[in-house]
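Colleague: Give me a model of this one.
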Amino acid sequence: MKQTLKVIKIGGKLIENKALLNTFLEDFIQLEGSKILVHGGGNKATEVAGKLGFKTKMIDGRRITDKDSMEVITMVYGGLLNKNIVAKLQAKKQNAIGLCGADGKVLISKRREVKEIDYGFVGDIENVNTDFINLLLKQNIVPVFSAISCTEDGVLLNTNGDSVASEIAIAFSDMYETLLFYCSEKKGVLTDVENENSVIPELNSKNYAELVESKVITDGMLPKLHNCFEAIERGVSTVNLGDVSLLKNNAIHTKIIK
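Modeller: Down below sits the predicted model:
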């Protein structure tokens, strides 16, 4: 019987709220067994870029990562946010280590091809170094990943945090029973974005296609759910979406199923 590995992704809005982050981390350290934490932080990167006099370019809600933006992202994701989370975990007696894709060649990616839009220094993950990560897990050290990957020739790339989490979970699915959690400000996938209680408890690919067709699910939720269903199709045992209470027993959330 396979051991269980939990991969949890937290969004930037949760990170920026000190009280919510503390609540989440208290629940996180209570999780038994092997676990990995992945974090984003786009809003903070935008804030810091503004203070430095850089304009953040967005197209259809997606960040265009030029050279200046990549420098800010490296500072904010890989430095400020990542090390603050690691420090908070250490203060709670949870041994952890902060990583970006270059550390131990854990996340190797290629720069996204230019088609209609040039996203700049944006990467799509090609390989996850499970051997290196597993060494840490076996020592009861929690890897904390920022959303930065690295090319084979040493170029750092901005990488979607949801994709980082799903690719890690997929890569470990042969070795562990992998459980993937996306924790953000919403309780789950909603039938009405104005009603926090309209949570869809279970969502399969057929229901998902129908909800997309009827415009119930749109915009930012689409790429997240694409990651969810791809993870399920490629071997991840369960995928769950919810708010800060997601890791608690009996929390209201959305479970993705085949």
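
Colleague: Kindly state the pLDDT recorded for the closest residue to Ile217 other than its chain neighbours?
Modeller: Ranked by C-beta to C-beta, 6 or more residues apart in numbering and with sequence neighbours excluded, the top spatial neighbour of Ile217 is Leu211, at 4.5 Å. Heads up, the C-betas are built off the backbone N, CA and C, glycines and all. Listed pLDDT for Leu211 reads 87.

Colleague: thought Leu211 was touching Leu222?
Modeller: No. Checked against C-beta atoms under 8 Å, the pair Leu211 and Leu222 is beyond contact range at 10.4 Å.

Colleague: Name the residue in the two with the higher neighbour count.
Modeller: Applying other C-beta atoms under 10 Å to Leu211 and Leu222 shows that Leu211 carries more neighbours, namely 18 against 12.

Colleague: got the residue ranges for the helices in the chain?
Modeller: Ranges of helices within the chain are 12-16, 18-30, 42-51, 67-73, 82-91, 130-138, 161-171, 205-213, 221-233, based on DSSP state H.

Colleague: List the buried residues in the second one.
Modeller: If I follow you right, that is helix 18-30. Using 16 or more other C-beta atoms under 10 Å as the test for burial, helix 18-30 gives Leu20, Leu21, Thr23, Phe24, Leu25, Asp27, Phe28.

Colleague: what do you get for the third one?
Modeller: Along helix 42-51, the positions that meet the burial threshold by neighbour count (16+ other C-beta under 10 Å) are Gly42, Lys44, Ala45, Thr46, Val48, Ala49.

Colleague: I'd like to know how far the closest residue to the first one other than its chain neighbours sits from Ile73.
Modeller: What that stands for is Gly42. Spatial nearest neighbour of Gly42, chain neighbours left out: Gly12 (5.2 Å); criterion: C-beta to C-beta, 6+ apart. In this view, Gly12 and Ile73 are 12 Å apart by C-beta to C-beta, to the nearest Å.

Colleague: Looking at the two, which is more packed in?
Modeller: Ile73 (28 against 22).

Colleague: quick one: contacts for the more buried one?
Modeller: Residues in contact with Ile73, defined by C-beta atoms under 8 Å, 6 or more residues apart in numbering, are Ala45, Thr65, Ile148, Asn158.

Colleague: again with Thr74
Modeller: So Thr74 contacts Cys100, Ile148, Leu156 (C-beta under 8 Å, 6+ apart).

Colleague: Ok, Ile141 next?
Modeller: Asn95, Ala96, Ile97.

Colleague: ok, it to Glu71 distance?
Modeller: Ile141 is 29 Å from Glu71, by C-beta to C-beta.

Colleague: Next: Lys110.
Modeller: 20 Å.

Colleague: ok, Thr191 touching Ser214?
Modeller: No. The pair Thr191 / Ser214 is not scored as a contact, 9.9 Å apart, by C-beta under 8 Å.

Colleague: Look at those two and report which has more neighbours.
Modeller: The residue with more neighbours, out of Thr191 and Ser214, is Thr191; 13 against 10, by other C-beta under 10 Å.

Colleague: I'd say Gly41 and Lys13 touch.
Modeller: No. Look at Gly41 against Lys13 with C-beta under 8 Å: they stay out of range, at 9.7 Å.

Colleague: quick one: which of the two has more around it?
Modeller: Gly41 (26 against 16).

Colleague: For that one, grab phi and psi.
Modeller: Main-chain dihedrals, Gly41, degrees, to the nearest 10: phi 150, psi 30.
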